[in-house]
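Asks: model the following, please.
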Amino acid sequence: LLYCIYGGVLCGLGYGLVFSRNGSTGGTDIIAMILRKKYSNFEIGKLSFGINCIIVFIGALIFGLPKALYTLISMFVQGTIVDKVINGFNSKKLLLILTEKEQDIIEYVIKDMNRGVTSLIAEGEYTHELKKMLYIAVTSSQMVHLKNKILRIDPKAFITIIDVSEVNGKGFHKI
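Replies: This is a model prediction of the structure:
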């Protein structure tokens, strides 16, 4: 059982690295990548696991149920690790920022980070005061740097950070 898990982890790491760079190993992952393009709300690891399950069920008729179950365990671990590796390399964050110094932050993001900023008008329901809310999509590595810079510019800034499953558009690559 441990060999199944270790094998799944190692294969998942390898496949995850290949898939994160839009590569292919030439197996059933080609079908998974085609389906991913058509149905973008599914992750490659889960699609690959589903396709391989069909093959394993057929193999269970020939090699027996115990071997098929060990294979399914290994493939499940592999698919999970693939998705973790891909999302880890490509994870995105969305920052929603309320600040008194929005122009300084906008200037920093556009000029120094080469990222876009969207300004939204937000109304505080308690005070009914209208404020500009900054909407900024960045990579996870940029998020830490940006958050620290925002707090240096305005220590009283209100920052909400949201995990984003996918960002399409200028400056972001689609898997």
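Asks: low-scoring pLDDT stretches of the protein, where are they?
Replies: The model of the chain has pLDDT under 70 over residues 40-41, 89-90, 171-175.
Asks: could you pull out the strands for it?
Replies: Here the chain has its strands, by DSSP state E, at 92-98, 118-123, 130-139, 158-164.
Asks: touching the longest one from outside, list them.
Replies: The set of residues external to strand 130-139 that reach it, using C-beta atoms under 8 Å, 6 or more residues apart in numbering, is 90-99, 102, 105-106, 109, 113, 115-124, 146, 164, 167, 172. For the C-beta atoms, the positions are set from N, CA and C on the backbone; glycine is no exception.
Asks: at 6 Å what do you get?
Replies: 93-98, 102, 109, 117-123, 146, 167 (C-beta atoms under 6 Å, 6 or more residues apart in numbering).
Asks: could I get the strands of the chain as a markdown table with distance to residue 19?
Replies: Listed next are those as a markdown table, based on distance: least, C-beta to C-beta, whole Å:
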| stretch | distance to residue 19 |
| --- | --- |
| strand 92-98 | 17 |
| strand 118-123 | 30 |
| strand 130-139 | 18 |
| strand 158-164 | 19 |
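Asks: what's the closest of the ones you listed to residue 13?
Replies: Closest approach to residue 13 among these is made by strand 130-139 (20.6 Å; C-beta to C-beta).
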